[in-house]
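1. pasting a predicted model and its sequence here:
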Amino acid sequence: AKGDGKRRWRRYEASVHTAIVERLELRAALARAVSDRTFTLDYQPIVVMGSGAILGFEALVRWRHPTLGFVPPAEFIAIAEETGLIEAIGDWVLHEAVRAVAGWRQIRAGRATPYVSVNVSAHQLRAAGFVDKVSTALTAAGVDPSGVMLEITESALLRDDDRAWAELAALRRIGVRVAIDDFGTGFSSLSYLQRMPVDVLKIDRSFTSTISGSPRQRALVEAIVGLAGTLGLEVIAEGVESRVERDLLGDLGCPYGQGFLFSRPLAGAAAKSLLRGPTAV
Ligand code: C2E
Ligand code: CA
Ligand code: CA
Ligand code: CA
């Protein structure tokens, strides 16, 4: 029995060791990926749920590790934030996304103008010169600020200092829109929400995926939509996977959405051909 415990501990020790080594290897590979720029972006349509018309696309970063294959962003973004690599990755994402929207606007010339929605981490907002980086990227690509929306998670907005809010306010003054990502998961108070420098609430997928089964969740979504209306904010539902969810959201007053029902995230070329098709606005 005594020996058993010892063996178990050895095994435990070995697995912790493996996990640490794997994480260190992943870090090193991520650092190389940053210098080699081996990331790509996928684009997921944001639509008018009633008609399917495309308003824009959310840019979602992808990383293919040489031996592990695709590593989910939820994993490598966390490592990138710990190591500070997120700044370089975020810069690349911003430039690439703005270049993409320039291309889309050529396709859609003379008609409605799609935007790109870019995820921004709290680190990027805290780093010096974020506003300049955004406006430089826009100028370089010849895109006007309405072509870009920035998504900041509710928790990042709540955690952060006045500095982040000031950066966002400055971006909004030049015409860039700001969305609160994963809204409903971060406990914003009403008075906070009223003062936040934002234009859009993205209702977290945890609400969308439970509205069909729960009257309570429906009431919550209805309250969020009402609140957004009162504050003059737009709402976009995330993670819409079924017609039932889409229809319920419509009934609750949420006109815009994003999710597998409409489209999975697409490679750049596929996003472009979608814009050439009939469903684009
Ligand atoms: P997020 O910003 O909340 O992005 C939405 C995630 O939900 C994406 O996962 C998307 O593929 C997934 N999704 C979209 N529709 C559906 C649906 O109908 N059902 C389900 N089950 N999932 C859906 P993804 O691409 O794995 O990204 C995960 C997270 O990684 C993102 O969550 C975001 O927090 C982060 N991320 C992705 N790209 C970037 C980036 O460029 N910069 C930063 N800072 N974070 C990023
Ligand atoms: Ca997002
Ligand atoms: Ca989200
Ligand atoms: Ca999320």
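-> Received the coordinates, thanks. Numbering: from 1, shown residues only. Ligands and ions are numbered 1, 2, ... in the order given.
2. get me the contact residues on the stretch 1-150 of the chain for ligand 2.
-> Contact residues, the stretch 1-150 of the chain versus ligand 2 (CB under 5 Å from the ion): residue 119. Every residue, glycine included, has its C-beta placed from N, CA and C.
3. those strands in the stretch 1-150 of the chain, which residues are they?
-> Counting by DSSP state E, counting those that start in this stretch, the stretch 1-150 of the chain has these strands, from start to end: 39-48, 54-65, 69-71, 115-119, 148-153.
4. what residues does this structure put near ligand 1?
-> Contacts of the chain with ligand 1, taken as CB under 6 Å from any ligand atom, map to 44, 60-61, 72-74, 77, 93, 119, 121, 181-182, 239-241, 258-260, 265.
5. can you tell me the centre-most residue of the chain?
-> In the chain, the C-alpha nearest the mean C-alpha coordinate belongs to residue 119, at 4.0 Å (CA atoms, centre = their mean).
6. just the pLDDT for the closest residue to that residue other than its chain neighbours.
-> Leaving aside its sequence neighbours, residue 119 sits nearest to residue 151 (CB to CB, 6 or more residues apart in numbering; 4.9 Å). As predicted, residue 151 sits at a pLDDT of 98.
7. how close does residue 151 sit to ligand 3?
-> Residue 151 sits 7 Å away from ligand 3 when distances are taken as CB to the ion, to the nearest Å.
8. hmm, that residue is touching residue 58, no?
-> Yes: counting by CB atoms under 8 Å, residue 58 is a contact partner of residue 151 at 7.2 Å.
9. these two: who's more crowded?
-> The neighbour comparison of residue 151 against residue 58 (other CB atoms under 10 Å) goes to residue 58, with 25 against 21.
10. wait, that one touches residue 46, no?
-> Yes: here residue 58 lies in contact with residue 46, judged by CB under 8 Å, at a distance of 6.2 Å.
11. common neighbours of the two, please.
-> Residues touching both residue 58 and residue 46 (CB atoms under 8 Å, 6 or more residues apart in numbering): 117, 258.
12. using PDB, write out every CA atom in the helix or strand that contains residue 275.
-> Using DSSP states H and E, residue 275 sits in helix 268-276. Extracted as PDB, the C-alpha positions of helix 268-276 are listed here (Å, rounded to 0.1, in the frame of the first residue of the first chain):
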ATOM      1  CA  GLY A 268     -10.500  34.500 -46.600                       C
ATOM      2  CA  ALA A 269     -11.300  33.300 -50.100                       C
ATOM      3  CA  ALA A 270     -14.600  31.700 -49.100                       C
ATOM      4  CA  ALA A 271     -15.600  34.900 -47.200                       C
ATOM      5  CA  LYS A 272     -14.900  36.800 -50.400                       C
ATOM      6  CA  SER A 273     -17.000  34.600 -52.600                       C
ATOM      7  CA  LEU A 274     -19.800  34.800 -50.100                       C
ATOM      8  CA  LEU A 275     -19.700  38.600 -50.600                       C
ATOM      9  CA  ARG A 276     -19.900  38.100 -54.400                       C
END
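13. what comes up buried for it?
-> Using 16 or more other CB atoms under 10 Å as the test for burial, helix 268-276 gives 268, 271, 272, 274, 275.
14. the second one against residue 57, yeah?
-> Yes: using CB under 8 Å, residue 271 makes contact with residue 57 at a distance of 5.7 Å.
15. list residues touching both of those two?
-> Contact criterion CB under 8 Å, 6+ apart; residues shared by residue 271 and residue 57: 43, 45, 100, 104.
16. quick one: residue 185 is in a helix?
-> No: counting by DSSP: H, G, I helix; E, B strand; the rest coil, residue 185 falls outside a helix, being coil.
17. quick one, phi psi at it?
-> Taking degrees, to the nearest 10, you get phi -100, psi -10 for the backbone angles of residue 185.
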